[in-house]
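Asker: Got a predicted model here, sequence first, then my questions.
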Amino acid sequence: EKFVEIKNISMNYHTLDGETEALDHLSFDVNKGEIMAIVGPSGCGKSTILSIISGLLKPTSGEVLIHRKVVEGTNKSVGYMFQSDHLFRWRSILENVLIGLEIQKKLNEENIHRVHKLLDTYGLKEFKNHYPNQLSGGMRQRVALIRTLAIEPELLLLDEPFSALDYQSRLAVSDDIAEIIRKEKKTAIMVTHDIAEAISMSNRVIVLSNRPATIKNIHDIQLTCE
Ligand code: ADP
Ligand code: ADP
């Protein structure tokens with residue numbers, strides 16, 4: 001079942017010193033429940049793709065459909081996880097995880113209970129009243145993921161989520177995060193320049209080999225050895 005449809009998107013950025021073509025008529029689909037990794041060198045348009053899917057950025061041409069509806073502006077059903085954890089240092093872990101619900105004015109008893117359960121399930125039970133600085137970088141990324149899950153997004157977008165971590169923690173944390181995404185049965189699109197990380201976390205890898213990313217140099221690899 002097609003869940004996200006990227007249809008013929010192009011993106012040209014206009015800057016003071018001219019124009020940058022970031023995406024050139026790119027198309028691909030993401031199926032429901034799939035964890036897709038998009039890999040490619042720096043500057044090939046990976047972040048641009050995520051920004052367009054999230055609705056933060058409007059493509060120059062083409063369109064994105066989620067659940068067969070055209071994406072226009074940001075959407076509650078999309079959760080974004082960034083390179084750094086973006087946790088508020090003066091707020092406890094629990095308070096951080098509740099931020100999304102607070103913003104959406106959905107801080108009711110049922111949702112708070114659900115958030116406690118998420119924290120308990122994923123090893124953060126004893127850390128609810130700790131502050132971000134008391135946790136390791138890997139643990140903080142786990143908190144960031146749970147904060148994203150708290151708003152119950154249907155689609156998760158992860159932009160180089162582990163690039164701030166050292167190599168050893170990356171390996172452990174990336175497996176950890178992939179398992180949470182699978183258990184929660186989310187569809188996810190992750191961007192990374194680390195091919196090993198892409199292969200270990202996802203079940204499908206799209207490799208962008210040129211700049212700008214275009215349909216002609218997209219390599220779509222299904223990982224089916226289970
Ligand atoms: P990646 O995530 O693969 O590193 P990006 O999507 O960040 O690639 O960038 C693709 C290209 O678009 C690069 O050449 C980059 O410099 C350019 N670019 C990205 N964002 C902007 C922007 N806001 N304004 C101008 N150019 C941009
Ligand atoms: P990444 O490659 O990890 O996506 P970058 O360091 O390329 O991140 O970009 C960081 C931010 O700067 C992004 O918001 C991107 O849109 C913006 N950006 C990137 N390239 C340019 C550029 N040439 N001009 C203006 N903004 C840019």
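Answerer: That came through, no problem. Numbering: from 1, shown residues only. Ligands and ions are numbered 1, 2, ... in the order given.
Asker: and residue 50, what pLDDT?
Answerer: Residue 50 is assigned 95 on the pLDDT scale.
Asker: Sorry, wrong one. I was asking about residue 225.
Answerer: 52.
Asker: go on, residue 29?
Answerer: Looking at residue 29, the pLDDT reads 94.
Asker: Doesn't residue 73 lie inside a helix?
Answerer: No. Residue 73 is assigned coil when assessed by DSSP: H, G, I helix; E, B strand; the rest coil, not a helix.
Asker: Now do the nearest residue to it once chain neighbours are set aside against residue 66, distance only.
Answerer: Closest residue in space to residue 73, ignoring its immediate chain neighbours: residue 55 at 5.0 Å, by C-beta to C-beta, 6 or more residues apart in numbering. Bear in mind the C-beta positions are built from the backbone N, C-alpha and C, glycine included. Relative to residue 66, residue 55 is positioned 9 Å away (C-beta to C-beta, to the nearest Å).
Asker: now swap in residue 154 and tell me
Answerer: In terms of C-beta to C-beta, residue 154 sits 8 Å off from residue 66.
Asker: shared neighbours, these two?
Answerer: Shared contacts of residue 154 and residue 66 (C-beta atoms under 8 Å, 6 or more residues apart in numbering): 3, 77-78.
Asker: quick one: which of these has the most company?
Answerer: Counting neighbours by other C-beta atoms under 10 Å, the top entry in these is residue 78, with 22 neighbours.
Asker: Report the contact partners of that residue.
Answerer: Residue 78 sits in contact with 53-55, 66, 153-157, where contact means C-beta under 8 Å, 6+ apart.
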